[in-house]
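[1] what's the 3D shape of this:
(one chain, ligands or ions: 3)
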Amino acid sequence: MSVRPVIVIAGIGNGTGTGAATARVFSKQGYRVALIARNADHLNKFTSELKETGGEAAAFPVKDYSYGAVTSVVEGIRKYQWQTPEKAEIRVALWNAAFGAWKPFLDVTEQEVHDSVEANFVAPFAFSRQIILAFQENELSELGKRGTLLFTGATASWRGNVSTSVFAAGKFAGRALSQSLSKEFGKQNIHVAHAIIDGGILTDRSLSRHSNPEDHKQFAENADIRLDAESIAKSYLYLANQDRSAWTWELDLRPAHEKW
Ligand SMILES: NC(=O)c1ccc[n+]([C@@H]2O[C@H](COP(=O)([O-])OP(=O)(O)OC[C@H]3O[C@@H](n4cnc5c(N)ncnc54)[C@H](OP(=O)(O)O)[C@@H]3O)[C@@H](O)[C@H]2O)c1
Ligand SMILES: *[C@@H]1O[C@H](CO)[C@@H](O)[C@H](O)[C@H]1NC(C)=O
Ligand SMILES: *[C@@H]1O[C@H](CO)[C@@H](O)[C@H](O)[C@H]1NC(C)=O
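    Residues are numbered from 1 along each chain as shown. Ligands and ions are numbered 1, 2, ... in the order given. This is a model prediction of the structure:
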């Protein structure tokens with residue numbers, strides 16, 4: 001029986017960011033797309049959009065990013081019966097969801113500390129466990145690997161700053177997890193990679209944060225000062241297509257005019 005690969009993507013937001021762009025790019029390459037997110041309305045809408053453009057996609061809403069909820073949602077994806085007859089194998093997975101708050105340290109609330117730990121540490125831990133177990137069942141692909149597990153990082157994954165205590169602490173944890181997994185599972189020909197997105201990504205939500213009209217216009221129109229989600233997605237495809245004789249653990253991506 002022929003095989004059609006599955007990509008699992010966690011963190012779709014309202015369908016205008018990196019998670020959604022990655023789904024579109026991999027869908028065009030023939031991947032089946034399994035999508036995890038908390039907002040079921042946005043998720044179902046986006047899944048329909050992918051199907052209308054000829055893709056095979058399925059929505060897996062989660063109530064929160066607790067260890068149990070994330071574990072059972074990925075278990076569900078592993079058992080899912082796709083519509084087309086080809087055998088399904090999870091070959092790529094992306095942990096893209098995040099929680100952030102940008103404020104002075106003394107204003108950070110206990111709830112924000114818990115939200116950051118849950119979305120940036122507990123959830124990707126549970127996600128990675130299920131994905132690694134799925135990859136271990138795969139034969140080696142023509143690239144010599146069992147699967148590729150990707151993480152979306154940020155500037156705050158490796159540098160803290162004046163208003164990032166709760167966000168950077170969470171994002172550092174995701175980077176540490178991905179590096180440890182890369183070393184432990186490289187020996188099993190499982191590829192783990194982390195992408196530091198070192199600049200603003202153009203999404204509906206990030207655009208709405210630019211309240212000053214001139215700022216808003218610049219961020220929307222000047223491609224040199226922000227990243228396009230689709231360009232990030234193309235780099236994820238490149239990572240997934242790397243063979244095991246020369247593969248990347250960490251990649252950094254930034255727009256041409258970023259001050260860094
Ligand atoms: N935007 C940036 O400028 C930027 C810069 C550097 C790095 N990053 C990283 O990139 C990753 C993806 O972010 P993205 O900005 O491209 O957006 P995205 O792919 O659409 O993902 C948005 C994430 O934020 C969550 N979220 C919570 N409240 C939301 C709301 N009201 N509307 C939309 N999303 C909401 C979503 O959770 P659900 O899917 O569960 O709803 C999802 O996990 C994150 O890991 C982030 O840390 C972003
Ligand atoms: C750190 O924060 C300051 C003040 O908000 C800002 O000007 C600077 O660009 C930030 N640095 C980085 C590396 O994000
Ligand atoms: C996404 O959310 C932002 C606000 O956070 C909103 O301005 C935008 O219209 C939303 N886009 C879609 C496609 O729902």
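[2] now the strands for the chain?
    In the chain, the segments counted as strands under DSSP state E are 3-10, 32-37, 57-61, 87-95, 147-154, 190-197, 201-202, 227-228, 250-253.
[3] so which of those gets nearest Val113?
    Ranking the strands of the chain by distance to Val113, with CB to CB as the measure, places strand 147-154 first at 18.0 Å. Bear in mind the C-beta positions are built from the backbone N, C-alpha and C, glycine included.
[4] what's that closest one packed up against?
    With contacts defined as 3 or more CB pairs under 8 Å, 6 or more residues apart in numbering; DSSP states H and E, the secondary structure elements packing on strand 147-154 are strand 87-95, helix 123-136, helix 165-186, strand 190-197, helix 229-240.
[5] okay, now the closest residue to Thr248 other than its chain neighbours: neighbour count?
    Using CB to CB, 6 or more residues apart in numbering and skipping the chain neighbours, the partner closest in space to Thr248 is Ala193 (5.4 Å). Ala193 has 22 neighbours, counted by other CB atoms under 10 Å.
[6] run through the bridge partners of Ala193.
    Leu150 (DSSP bridges).
[7] low-confidence ranges in this structure?
    For the chain, the stretches with pLDDT under 70 are 1.
[8] how close does Ala173 get to Phe167?
    Counting by CB to CB, to the nearest Å, the gap from Ala173 to Phe167 is 11 Å.
[9] shared neighbours, the two?
    When contacts are counted by CB atoms under 8 Å, 6 or more residues apart in numbering, Ala173 and Phe167 are jointly contacted by Asn120.
[10] what sits closest to the residue nearest to the spatial centre of the chain if chain neighbours are left out?
    In the chain, the C-alpha nearest the mean C-alpha coordinate belongs to Asn96, at 2.4 Å (CA atoms, centre = their mean). Distances taken as CB to CB, 6+ apart put Gly11 closest to Asn96, at 3.7 Å, once the chain neighbours are dropped.
[11] likewise Ala101?
    Computed as CB to CB, 6+ apart, the closest residue to Ala101 that is not its neighbour in sequence is Glu112, at 4.8 Å.
[12] hang on, the one you found packs against Ser165?
    No: at 9.6 Å, Glu112 does not count as touching Ser165 under the criterion of CB atoms under 8 Å.
[13] of those two, who's got more company?
    Using other CB under 10 Å as the criterion, Glu112 and Ser165 rank with Ser165 on top: 22 against 18.
[14] check contacts around the more buried one.
    Residues near Ser165 by CB under 8 Å, 6+ apart: 105, 108.
[15] can you tell me how far it sits from ligand 3?
    24 Å (CB to the nearest ligand atom, to the nearest Å).
[16] likewise Glu139?
    Taken as CB to the nearest ligand atom, the spacing of Glu139 relative to ligand 3 amounts to 39 Å.
[17] so who does the residue in the stretch 1-150 of the chain that ligand 3 sits nearest to touch?
    Taking CB to the nearest ligand atom, ligand 3 has its nearest neighbour within the stretch 1-150 of the chain at Asn14, 3.7 Å off. For Asn14, the residues meeting the contact criterion (CB under 8 Å, 6+ apart) are 39, 42, 204-205.
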